[in-house]
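**Q** okay, here's the prediction I keep looking at, along with the sequence it came from:
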Amino acid sequence: MSDHTTREAPMGASLRGWLDHLAGTGRLAAATPGVDLRFGLAAVANRLDGTQATLFARPGGHDVPVISGLLSRRRWMAEAAGVEESELITAFERACREPVPCELVDSAPCHEVVHRDVDLEKALPIPTHNEHDSGAYITAGLLITRRPRTGVQNVSIHRLQVSGPDRLGALLLPRHTMEFFREQESAGEDLEVAIVIGVDPLTLMASQAIVPVDHDELEISGALRGSPLPVVRCVTNQVTVPADAEIVLEGRLLADVREEEGPFGEFPQYYGERAQRHVIQLDAITHREDPLYHTIVGGGREHLLLGGIPREASFLSHLRLSFPCVRDLHLSQGGTRRYHLYVQVADPQAGEAKNVGLAALGTHYDIKHVTVVDTDVDVHNPTEVEWAVATRFQADRDLLVVPGTQGSKLDPSTADGFGAKMVLDATVPVDQRGMRFTRIRVPGQEAVNMSSVAPAAADWHARAYERG
Ligand code: MN
């Protein structure tokens with residue numbers, strides 16, 4: 001007997017397969033062809049946000065169609081990964097711990113057409129989403145870089161402003177891509193990059209994993225799909241990209257060059273400001289014969305969730321290392337899936353809930369407010385968490401404020417990222433557990449057979465006295 005089990009690839013292992021699945025279940029809307037790329041496309045996508053993905057044929061008269069809203073619900077992400085919604089975080093965390101190396105192939109669908117003369121707006125239908133955006137932005141491009149010293153790649157998504165026919169402005173935050181680039185720039189060298197647009201949902205999710213530097217996020221995609229992700233070498237540089245991608249831009253992050261970028265409508269529902277930022281020079285565009293262009297509307301559910309779910313998985317595994325009482329956690333929609341973290345703990349020791357809250361603040365600089373609750377509170381339901389704060393929290397006893405900390409530069413209430421943090425301990429005090437804090441419940445409510453109940457008829461009053 002072998003313990004080797006072959007698992008069918010999850011639904012999210014293929015972009016076109018996922019779109020077929022959405023279409024087959026009434027979750028892919030088709031817009032009237034010719035929607036305006038400037039605001040028109042984002043307006044439709046936002047109206048359908050969280051209910052349907054959208055396919056835009058001939059956007060702005062362009063030959064290449066646009067897709068949006070592929071993963072705008074937590075449940076859809078679980079479906080893409082082939083797990084129950086309640087297992088999504090655990091499955092993602094396991095994939096981060098047990099990555100599967102990619103498989104290098106020689107030829108690939110993403111190389112069916114190769115343009116060495118790059119004219120972005122001629123080649124691709126790049127939309128402008130929000131009112132004060134400086135112009136067209138590539139928003140769903142996976143920026144893949146290769147650290148020359150180690151050969152290990154990194155994947156991340158950045159806002160990319162179209163600054164010219166073959167030139168992009170990029171916002172790099174202080175994480176792995178920035179680290180690779182700094183090493184190159186200090187030696188006077190450019191950093192080779194690829195920007196991949198139109199990947200399968202699992203690769204899209206994997207790109208947002210919070211894993212240490214020199215962990216290739218594409219290998220997490222392999223773990224989620226249960227088999228190595230096929231990758232192919234770029235035609236103008238050494239970076240490898242998902243072979244089944246729709247569109248790939250190849251180029252270089254330029255050493256010692258900065259240009260104006262922004263403003264751009266970001267995930268907190270505000271504009272990231274205009275400033276001198278990094279620049280990418282493009283050398284080639286490759287794509288499938290009939291490519292699809294994916295766009296993520298800034299501030300929409302897809303934008304928030306893609307950042308949120310992988311963070312939840314990483315924070316949960318971090319906190320569990322130090323605190324066995326931590327059961328579950330949630331980054332709320334209203335907290336931009338970045339700033340507000342709810343943590344659920346089981347029977348904490350006296351004061352332990354506050355320790356958990358303080359440790360949670362240290363898992364990522366974006367986390368601003370942490371609320372800690374007991375296991376009888378559904379941590380994925382903000383109304384439940386609010387109830388716990390309303391009935392178990394006393395501000396003079398349960399509130400911790402930490403001034404002068406590093407936060408998110410995109411939070412306009414901070415001084416360029418410098419601000420305060422807060423922990424709310426909404427757990428029942430250890431010495432007060434018992435009847436006083438026991439939630440009311442009706443025995444048997446969950447198990448009741450609801451097929452014994454039907455809509456009442458017009459003669460409801462006469463029937464009210466019927467014998468059963
Ligand atoms: Mn990374």
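**A** Arrived safely, thanks for sending.
**Q** all contacts plus neighbour counts: C-alpha atoms, from now on.
**A** Fine.
**Q** listing partners with orientation, what would you give for the longest strand along the chain?
**A** Longest strand in the chain, counting residues (DSSP state E): strand 247-261. Its sheet considered, strand 247-261 pairs with strand 191-197 (antiparallel), strand 275-287 (antiparallel) by DSSP bridges.
**Q** His461: which of the ones you listed is closest?
**A** The minimum distance between His461 and the strands paired with strand 247-261 falls on strand 191-197, with 62.0 Å, by CA to CA.
**Q** chain center to the next helix-or-strand element following the closest one: distance?
**A** Where DSSP states H and E defines the elements, the next helix or strand beyond strand 191-197 is helix 201-206. How far helix 201-206 lies from its chain's middle: 9 Å, per CA atoms, centre = their mean, to the nearest Å.
**Q** please apply the same query to stretch 73-84.
**A** Chain-centre distance of stretch 73-84: 13 Å, with CA atoms, centre = their mean.
**Q** need the contact list for Ala243.
**A** By CA atoms under 8 Å, 6 or more residues apart in numbering, Ala243 lies in contact with Val105, Ser107, Ala108, Pro109, Cys110, Pro230, Val231, Val232.
**Q** redo that, cut-off 6 Å
**A** With contact set as CA atoms under 6 Å, 6 or more residues apart in numbering, Ala243 has these partners: Ala108, Cys110, Pro230, Val231, Val232.
**Q** by neighbours, which of the residues you listed wins?
**A** Neighbours were tallied for each of these (criterion: other CA atoms under 10 Å), and the maximum of 26 neighbours falls on Cys110.
**Q** returning to that earlier point: now secondary structure, distance to Gln344 and pLDDT too, for the contacts of Ala243, in TSV please.
**A** Putting the contacts of Ala243 into TSV (DSSP: H, G, I helix; E, B strand; the rest coil; distance: CA to CA, whole Å; pLDDT from 0 to 100) gives the following:
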residue	secondary structure	distance to Gln344	pLDDT
Ala108	coil	45	98
Cys110	helix	44	98
Pro230	strand	38	98
Val231	strand	39	98
Val232	strand	43	98
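**Q** and the residues you listed, which two are furthest apart?
**A** Most distant of these, by CA to CA, are Cys110 and Pro230, 11.4 Å apart.
**Q** and the helices in the stretch 251-400 of the chain?
**A** Taking DSSP state H, counting those that start in this stretch as the test, the helices found in the stretch 251-400 of the chain are 301-322, 352-361, 382-392, 395-398.
**Q** looking at those helices, which is nearest to Met435?
**A** Taking CA to CA, helix 382-392 is the member of the helices of the stretch 251-400 of the chain nearest to Met435, at 13.5 Å.
**Q** residues of that closest one that come out buried?
**A** Buried residues in helix 382-392, counted by 16 or more other CA atoms under 10 Å: Pro382, Val385, Ala388, Val389, Arg392.
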